[in-house]
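Trainee: sequence first, then the predicted structure, then my questions.
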Amino acid sequence: MATRLQIAKRDILAELDKQPLRALSSRQIADILREQRGFWRLAQNTTTADFIRFLSLHGLQEVRLESHAYAPVVRYIWRAASPYEVALSIKPGSYLSHGTAIFLHNLTNELPRTIYVNQEQSPKPAPRGGLTQEGIDRAFRNQQRVSNLAYTYSDFQIVVIAGKNTGGLEVGELDGPTGEKLAVTKLERTLIDSTVRPAYAGGVFHVLEAFAAAKSVLSVNVLLATLKRLEYAYPYHQAIGFYLQRAGYEESRWRRLKDLGLKFDFYLAHGLRDPEYDAEWRLFFPKGL
């Protein structure tokens, strides 16, 4: 005798096919079951585990994201999901950023094997006290800390970043390599983020290449407006202006960054050893850039 799950099979599979997410947690699958149980006429004693076992016969795959420092994460893929969709499933409300966004905006020809997922932190009070040269020097003396919340999936590493709270500022939707819809920082926000945290974008040489590749599409108006709304304490406009000039942008574009002021010496990255100095931008940068 056919079970109620088997009787409702066509409707169940149709419901899964129209779900916007293809990489699901067990809780999300439980939510689907709870919302549709009545329509599918399923017994009240049909559990989430029963439902997952049934779906596994019809296209659902269980995958484990392993971590050296944290417990593994289990996700369920309906029919097929890209590594980017799997990465976004780790933290609801997260979005792709930094080096991953550079790739998705076609600013590099390389296929990065690290996927960066930005999960915004809760709002924090602004730091007290004004900016000083001594404070900047001290903050940038050592290497920048990087997230150790990392998982392995297939031949990708997924790094979850605890990002600045921005309310999703300049985050949009892009088509991924297989046509999937992905939450990603927009181009100007991507370049700002990569300037602030170059280690998540392959380093300053790759960031410069991304600025160069964006030359025909970058809006300085959007860049400046986004930078202002991000309210960084440090003068990242000096680093951005330096990148624009080095990448061959017209003076009318990079001068708008210089017009914001050059009150302090600044750094293109943390932990620079024996750097060069650009007096025009009051900026220390790695030799050979």
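Mentor: Arrived safely, thanks for sending.

Trainee: for Asp11, pull up the helix or strand it's in.
Mentor: Per DSSP states H and E, Asp11 falls inside helix 9-17.

Trainee: report the buried residues of that helix.
Mentor: Neighbour counts over helix 9-17 (16 or more other Cβ atoms under 10 Å) mark Lys9, Ile12, Leu16 as buried. The C-beta positions use only the backbone N, C-alpha and C, and glycine is treated the same way.

Trainee: cool, and stretch 157-175?
Mentor: Those buried within stretch 157-175 under the rule 16+ other Cβ under 10 Å are Gln157, Ile158, Val159, Val160, Ile161, Gly163, Lys164, Thr166, Leu169, Glu170, Val171, Leu174.

Trainee: how about the contacts made by the fourth one?
Mentor: Read that as Val160. By Cβ atoms under 8 Å, 6 or more residues apart in numbering, Val160 lies in contact with Ile90, Lys91, Ser94, Val117, Gln119, Ser147, Leu149, Ala150, Tyr151.

Trainee: the same query, at a cut-off of 7 Å, please.
Mentor: Taking Cβ atoms under 7 Å, 6 or more residues apart in numbering, we find Val160 in contact with Ile90, Lys91, Val117, Gln119, Ser147, Leu149.

Trainee: in strands, which of these appear?
Mentor: Per DSSP state E, strands hold the following members of the contacts of Val160: Val117, Gln119.

Trainee: in TSV: the contacts of Val160, plus neighbour count.
Mentor: Shown next, in TSV, are the contacts of Val160 (neighbours: other Cβ atoms under 10 Å):
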residue	neighbour count
Ile90	20
Lys91	17
Val117	25
Gln119	18
Ser147	16
Leu149	17
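
Trainee: go ahead and confirm Glu120 touches Ala162.
Mentor: No: counting by Cβ atoms under 7 Å, Ala162 is not a contact partner of Glu120; they are 8.0 Å apart.

Trainee: quick one, helices of this structure?
Mentor: All helices of the chain, identified by DSSP state H, fall at 4-7, 9-17, 26-40, 48-56, 83-89, 98-104, 133-139, 187-196, 204-213, 220-230, 236-246, 251-258.

Trainee: which of those helices is buried the deepest?
Mentor: helix 98-104 (a mean of 27; mean count of other Cβ atoms under 10 Å).

Trainee: what about that helix, distance to the chain center?
Mentor: 8 Å (Cα atoms, centre = their mean, to the nearest Å).

Trainee: name the residues that touch it?
Mentor: 96, 108, 111-112, 114-116, 174, 176, 182, 184-185, 190, 193-194, 197, 200-202, 210.
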